[in-house]
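Asker: sequence and predicted structure below; questions after.
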Amino acid sequence: MHSFRYDFAAQVPTDEIAATLILAVLATECLHGSTSVRRETAYAFDPQTRECTIDTTSRAGADLNRLFAGFAAREFGPGGFLVLRVPA
């Protein structure tokens, strides 16, 4: 059981990070349904610390993480953020 934490660079606008997370949640809802996403995922974004954390212990959470990572990489580039695996 673990989570992933994304630490974003100062040049990445926090409103765009939040929008990317919402897009990933919506895409995950397309795969798993909105009820499953609400029930089975845990995620948070703190604009002050510029950190986003996604729990990957469920299938929906793992898919949310994959989608967010892909969207963030495409939008912000490889230097836009770091990804850290966080033990539960």
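Answerer: Received, thanks.

Asker: so what strands line up beside the helix or strand hosting residue 54?
Answerer: For residue 54, the host element (DSSP states H and E) is strand 51-55. Note on strand 51-55: by DSSP bridges, its sheet partners are strand 2-8 (antiparallel), strand 43-46 (antiparallel).

Asker: return the set of buried residues in the shortest one.
Answerer: The one in question is strand 43-46. 43, 45 (16 or more other C-beta atoms under 10 Å). C-beta: built from backbone N, CA, C; applies to glycine.

Asker: list the residues that contact the residue nearest the centre of the chain.
Answerer: The chain has residue 68 as the residue nearest its centroid, 4.4 Å off, counting by C-alpha atoms, centre = their mean. Listed by C-beta atoms under 8 Å, 6 or more residues apart in numbering, the contact partners of residue 68 are 6, 20, 21, 24, 52, 54.

Asker: on that earlier part again, closest one to residue 77 among the strands paired with strand 51-55?
Answerer: strand 2-8 (11.3 Å; C-beta to C-beta).

Asker: now render the strands paired with strand 51-55 as CSV, adding distance to residue 82 and mean pLDDT.
Answerer: Listed next are those as CSV, based on distance: least, C-beta to C-beta, whole Å; pLDDT from 0 to 100:
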stretch, distance to residue 82, mean pLDDT
strand 2-8, 5, 97
strand 43-46, 15, 98
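
Asker: looking at those, which is nearest to residue 28?
Answerer: Closest among the strands paired with strand 51-55, using C-beta to C-beta: strand 43-46, at 9.6 Å.
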